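S.K.: With the sequence up front, the predicted model follows.
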Amino acid sequence: MEKEMLVHLKFKEGKLETFTSWMQSDEGMGVRKSVAYPEKTVGAMIPDKSGMLFKVNVHNEAGMKEFVTGKNPTAKAIYAECVDSAQLYELSKINL
């Protein structure tokens, strides 16, 4: 089942470019595709470049939690190098 989630990442100083390059690499895309639909992902940089927000459409919630917490075996090294903290939120639609 597809679920919309919001990811808030804070980066270690100077690691934004390193992380975003990895996320766009074949290895990063492979991990992203295993948990969500990259083509539906919307990203936004925090103005001071200390972090990013991502709205993702997740198809593997357990895998997404593993990925965001830095426990995914493929992403573990890049998270340890670049990510200071991560938070994951479930999004729900509000009918107006």
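M.R.: That came in fine, so what should we check first?

S.K.: what's the pLDDT at Met1?
M.R.: With respect to pLDDT, Met1 scores 78.

S.K.: Can you give me the neighbour number for it?
M.R.: Counted by other C-beta atoms under 10 Å, the residues lying close to Met1 total 5. Just so you know, the C-beta spots here come from the backbone N, C-alpha and C atoms, and that holds for glycine as well.

S.K.: next one: Asp26
M.R.: Asp26: 6 surrounding residues under other C-beta under 10 Å.

S.K.: With Thr18 instead?
M.R.: Thr18 has 14 nearby residues by other C-beta under 10 Å.

S.K.: Now do Asn95: how many residues are near it, please.
M.R.: 3.

S.K.: no no, Phe19
M.R.: Neighbour tally, Phe19, other C-beta under 10 Å: 20.

S.K.: Ala80 now?
M.R.: Ala80, neighbours per other C-beta under 10 Å, totals 10.

S.K.: Ramachandran angles for the nearest residue to it once chain neighbours are set aside?
M.R.: Leaving aside its sequence neighbours, Ala80 sits nearest to Gly70 (C-beta to C-beta, 6 or more residues apart in numbering; 6.6 Å). Main-chain dihedrals, Gly70, degrees, to the nearest 10: phi 80, psi 20.

S.K.: Is Gly70 in contact with Val83, as I believe?
M.R.: Yes: using C-beta atoms under 8 Å, Gly70 is in contact with Val83, at 6.3 Å.

S.K.: Please say which of the two ends up with more neighbours.
M.R.: Val83 (19 against 15).

S.K.: before we move on, back to that, next one: the residue nearest to Ala80 from Tyr89, what distance?
M.R.: With distances taken as C-beta to C-beta, to the nearest Å, Gly70 is found 17 Å from Tyr89.

S.K.: Same question for Val56.
M.R.: The gap separating Val56 from Tyr89 is 11 Å, by C-beta to C-beta.

S.K.: Who has more neighbours out of these two?
M.R.: Remark: of Val56 and Tyr89, Val56 carries more neighbours, 24 against 12, as counted by other C-beta under 10 Å.

S.K.: separation between the more buried one and Asn95?
M.R.: Counting by C-beta to C-beta, the gap from Val56 to Asn95 is 22 Å.
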